[in-house]
Structure formats: C-alpha cells, structure tokens
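In: Quick one, fold the following:
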Amino acid sequence: MVSWLQRQDFFSQYFVQIPDGSLWTDPVYLENQDDRIPSDLLQSQEAETVFRNYVHILRLEHRKMEYADFCIYNCNLFVLRIE
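Out: Take a look at the predicted model:
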C-alpha cells in the first residue's frame, strides 16, 4: 500500500518524507508549520488498521448500493408483470 501511495502524484501534497536517520519527532519537524503527514506513519500497525477499516466500510457501502439497485430493478419487473 505504501509503495503504491508514494508513486501517486498527490503523495507530496499530503505526505512528507523525513530523511533517513531522522525522526518526525525531532524538534525541527515538530516546530515546522508543515501540516502534511510524515510518510513513516504509514508503516505503522495503526495505519494498517485504519486503512483496513476504511476499505471494509467502503465495501459495505458498495454492497448496500448494489442491493438497492437490485431491489429497484426487481420491483420494477414485478410491477410490469402485474400490469
């Protein structure tokens, strides 16, 4: 996931890469007014959990939409058969 994100054009808009050997908790970065997320955080277990939960929610929403479309289509068929 991280390597895919790093290849996207928007990556540098939302994430900042901290040079090797430096930590995002160094005062230089903490005092910086940059609001971007340190890319190192994407490697954390918490980031993985948040990503998986988000994908799960998206899949549930997609299924709801598919079910709604299915119901609308079948209700229309039912109405056509009655008439």
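
In: going forward, measure contacts and count neighbours with C-alpha atoms only.
Out: Noted.

In: any residues touching stretch 23-38, and which ones?
Out: Outside stretch 23-38, the residues that touch it by Cα atoms under 8 Å, 6 or more residues apart in numbering are Q13, Y14, F15, V16, Q17, I18, D40.

In: what are the ranges of the helices in the protein?
Out: Counting by DSSP state H, one finds helices in the chain at the ranges 2-6, 11-14, 27-30, 45-82.

In: Could you identify which of these is most buried?
Out: Among the helices of the chain, helix 11-14 has the highest mean neighbour count (mean count of other Cα atoms under 10 Å), at a mean of 13.

In: And this protein, what are its domain boundaries?
Out: According to automatic domain parsing, the chain is divided into the following domains: 1-40, 44-83.

In: could I get those domains as CSV with mean pLDDT?
Out: Formatted as CSV, the domains of the chain follow (pLDDT from 0 to 100):
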stretch, mean pLDDT
domain 1-40, 81
domain 44-83, 79
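
In: thinking again about what came up before, and the helices of the chain as JSON lines, adding distance to R36?
Out: Supplementary listing: the helices of the chain in JSON lines, determined by distance: least, Cα to Cα, whole Å:
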{"stretch": "helix 2-6", "distance to R36": "14"}
{"stretch": "helix 11-14", "distance to R36": "5"}
{"stretch": "helix 27-30", "distance to R36": "11"}
{"stretch": "helix 45-82", "distance to R36": "15"}
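
In: F15: neighbour count?
Out: Other residues near F15 come to 19 when the count uses other Cα atoms under 10 Å.

In: Distance check, it against V50.
Out: For F15, the distance to V50 under the criterion Cα to Cα, to the nearest Å works out to 16 Å.

In: Over to I57?
Out: The spacing between I57 and V50, counted by Cα to Cα, is 11 Å.

In: intersection of neighbour lists for these two?
Out: With contacts defined as Cα under 8 Å, 6+ apart, no residue is adjacent to both I57 and V50.
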